[in-house]
Every structure is written in structure tokens, then in C-alpha cells.
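[1] Below: sequence and its predicted model.
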Amino acid sequence: MLGPNKGVQSFATLAEILSQPEIWRQCLSELESSGAIREILDEAKSRTEWTFIGCGSSFYLAEAAAASWTMMTGQRARAVPASEILLFPGMSVRAAENAQAVVISRSGRTSEAVKAAQVLSQEHRLPTLGVTCAADSQLEEACDRTIRLLAADEKSMVMTRSFSSMLLALQVLAGEKSGKTEIASSLGRLADHFAGRVRALSAQVEEFVSEHSFADYVFLGQGPFHSLAREASLKITEMSCSYSQAFHTLEFRHGPKAVVNPATCLTFFLSEAGLQAESEVRAEMHHLGGLTIAICNRANDAIRRSSDFIFELGFDGPELATLAPFIVPGQLLALFTGVKKNLNPDEPKNLSRVVILD
């Protein structure tokens, strides 16, 4: 619960959310100057089946990274929770000569992630790449190579800038692998573009939350945006203890729409490739009485007519570059909803910053 003098601007979580464009710039600059991406790919030239592994937010990040990898490189990639590596290795481990494992953990100390890296390396002889925001971590010790994004680490419990920054790093890796070196420069332009918008977005989301109260939340996305829906759903559960679900957008018609009523907030992560079909679902849910949030690169007239809140990025660049900024409205919605419920987003109920098992 919040103390009597706790103002929203004093929360570390909000500061970390708002810092993301600058942190992206730092991380991208460090990746370029270190030469780490090129060194990793030189060692992985023959590896064409990539598995991205994580727990919680890092698993949803793994899903976004796997989707980005396949779409950029044309190679097969998938995401697997670390627990599946440990409990069902026969289903989840591909011990092929051309396989590469990427294990993601903000702290580098998450027990399941570290153990998964050890199992993959020692028992299955798979090359492992760790991605973390910590220095000299157990994950780094367990992996053959590690990408460290120290600037993206956080004081708060929930992952915000670490999620988006590690995603950008893996997109740079995929862009370099595909030979599309312009990806890194487009992500740099993205950071500059979003820097001028993030504080206005924060104020807009805070106002929206102050004017509405909801009983439940639904987050919807297709393709690479489905992982964002899952991550945003987790954020509002963590920071506001609200009931939330995530679905593929068009799948929501097939039963789940029964829950829609005026106390339902539906957030749509709208893709450019599927905009028409996804917008039809959004309009249908609006007609059923739900309040709709549209997160998109560019809104058309139909979106403007039947959305209660719109975040329009307006970025001229590859669509996959929009993933990182698209998650930010969901982070802000979660934070301000928690504050409205007199909860402390820096100290969510029942959570610890790192899940360490005996």
C-alpha cells in the first residue's frame, strides 16, 4: 500500500519506464562499439535453428525475439519456458548440430534459467548465449557467450526497460544475421522518435486511467505482437493485481468475447499486415460495450471512430522495430491502475525481484 505522501512521480518504476528511449540509445551504442554481435554471429555461422528461453516476462521476450528472428532471417526459431527444458527435455530440446540456445534473464540469477543453461550446455552439448542486464552473473558463467546490457538494469521488481532493451539487442542480432544492417540504424532512429513522445504518452495514459475503472482487462495481438499482449497482461496483473487475459486477436471471437461488457478494457496491438481483420474485431468489441485501446503505428478513420484511447507511434521504419515502443502503453496502464488502487508498483504483492529456488 502507498504511504500518505507517496506521489506517482516518486516511483522508480515510472522513472524506468520513461527512461527507455535513452537506455535504448545507450544499449545500441554499446553493442555497436563492443563488436559483440559480430563475434557471436561469427561463431554461430552454421547454426540455423534458434531456441529462445526465459521465465515470466523473459519468456514473453523470448517469444518476441523468436518471431523477430524468423521474420528477419527466414530461419526457424521458437520460444520455450526454461521450466520445459528442465521438466520435459524430450519435447523441448533439439540437440542438433545446427542448433543454438539463447537464455534470457534480467538478473542472470533466475534459478530455472541458469539451470536450463547448464543442462543445455553440459548434458545436451548445445552452444548457449546468455542475455542479461547484470555483470558477472551465474547465467554468464553457465553460457558460452553473453550479451550484457548493464544500462538497462532496474531497481524495481517488474521488468520494463530491461524487457524492451533486451528485445532490441536480439533484434540487432537478427538483423546482422540476415545481412540487414540497416536494422540497427532504424532502431536508433526509433529511440530518437519515441523520446519526444513518451512523456506525453504517460500523461495521456494517467488521465485515461483516472477517468475509467474496469473489472477486467484483455490484451490482444497477432504474429509478433501476441507476445506483447501476453507481457502487457502480466504487467497489469503484477502492478495492479487486476484480472487480465491475453489472446490472439481473431481467436477472441471464438468464445472469450462472452466476457465483454462496459467494465472490460480491451487493448489491441494492431499490426500493419493484419490491420483490417484486427480492426474488425476491435470494432465488434466496441459495439458489444467494451472500452477499447488501440496501439498502432498509424490509425485510420475507422480506428479513430471506435477507439476510446489511441496510441499512434507514426514511425517510418520496419514494422518489427515498433515492438519495443508498443509495450510502453501497457506498462503505463499497469502502473497508473495500480497507483489508482493504492498499490505500490515498486513493491508488487507476493513478488520478489528474482525467483531463486533452493
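    Sure thing, it's come through. Numbering: from 1, shown residues only.
[2] From now on I want contacts and neighbour counts done on CA atoms only, so please keep to that.
    Fine.
[3] Extract the CA atoms of the least confident helix or strand in the chain by mean pLDDT and return them as CSV.
    For the chain, scoring each helix and strand by mean pLDDT, DSSP states H and E identifies helix 89-92 as the least confident one, at a mean of 84. What follows is helix 89-92 as a C-alpha-only set of coordinates in CSV (Å, rounded to 0.1, in the frame of the first residue of the first chain):
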residue,chain,number,x,y,z
PRO,A,89,13.6,-32.1,-22.3
GLY,A,90,12.4,-34.7,-24.8
MET,A,91,9.8,-32.3,-26.0
SER,A,92,11.7,-29.0,-25.8
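[4] gap between it and the chain center?
    Centroid displacement of helix 89-92 relative to its chain, using CA atoms, centre = their mean, to the nearest Å, is 25 Å.
[5] Residues touching that helix, excluding its own?
    Val80, Glu84, Ile85 (CA atoms under 8 Å, 6 or more residues apart in numbering).
[6] List the beta-bridge partners for the first one.
    In this entry, Val80 is beta-bridged to Ile53, by DSSP bridges.
[7] distance of it from Cys143?
    17 Å (CA to CA, to the nearest Å).
[8] hmm, back to that, and after the least confident helix or strand of the chain, which helix or strand comes next?
    strand 99-104 (DSSP states H and E).
[9] Tell me which other helices or strands that next one touches.
    Under the contact criterion of 3 or more CA pairs under 8 Å, 6 or more residues apart in numbering; DSSP states H and E, strand 99-104 touches strand 49-54, helix 57-73, helix 111-118, strand 128-132.
[10] Export the ones you listed as CSV, with columns for distance to Pro262.
    Formatted as CSV, the helices and strands packed on strand 99-104 follow (distance: least, CA to CA, whole Å):
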stretch, distance to Pro262
strand 49-54, 36
helix 57-73, 29
helix 111-118, 40
strand 128-132, 41
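[11] what about these, which gets the closest to Ser307?
    Closest to Ser307 of the helices and strands packed on strand 99-104 is helix 57-73 (CA to CA; 25.6 Å).
[12] Quick one: list the elements packing against the closest one.
    Checking 3+ CA pairs under 8 Å, 6+ apart, helix 57-73 ends up next to strand 49-54, strand 76-81, strand 99-104, helix 161-178, helix 226-240.
[13] now it, how far from the chain's geometric center?
    9 Å.
[14] hmm, back to that, so for the least confident helix or strand of the chain, what gets flagged as buried?
    Ser92 (16 or more other CA atoms under 10 Å).
[15] And for stretch 29-42?
    Buried residues in stretch 29-42 (16+ other CA under 10 Å): Glu30, Leu31, Ala36, Ile37, Ile40.
[16] Per-residue pLDDT of the third one, please?
    What that stands for is Ala36. Model confidence at Ala36, expressed as pLDDT, equals 92.
[17] Can you tell me how far it is from Ser121?
    20 Å.
[18] picking that back up, kindly indicate which of the contacts of helix 89-92 lies nearest Ile295.
    Val80 (26.6 Å).
[19] Am I right that the closest one is in contact with Trp50?
    No - using CA atoms under 8 Å, Val80 makes no contact with Trp50, being 10.7 Å away.
[20] Report the inter-axis angle for the helix or strand encompassing Glu39 versus helix 161-178.
    Per DSSP H and E: Glu39 is located in helix 36-43. Here helix 36-43 points in a direction 50 degrees away from that of helix 161-178 (axes from the mean of the first three to the mean of the last three CA atoms, to 10 degrees).
[21] how about Pro224, what does it touch?
    Counted by CA under 8 Å, 6+ apart, Pro224 has contacts Glu63, Ala64, Ala67, Ser68, Leu320, Leu323.
[22] Over to Arg253?
    Val281.
[23] Please apply the same query to the one 10 residues further on.
    The neighbours of Ala263, taking CA under 8 Å, 6+ apart as the test, are Ser213, Phe214, Ala215, Asp216, Gly290, Leu291.
[24] run the last query once more with 10 Å
    His212, Ser213, Phe214, Ala215, Asp216, Tyr217, Gly289, Gly290, Leu291 (CA atoms under 10 Å, 6 or more residues apart in numbering).
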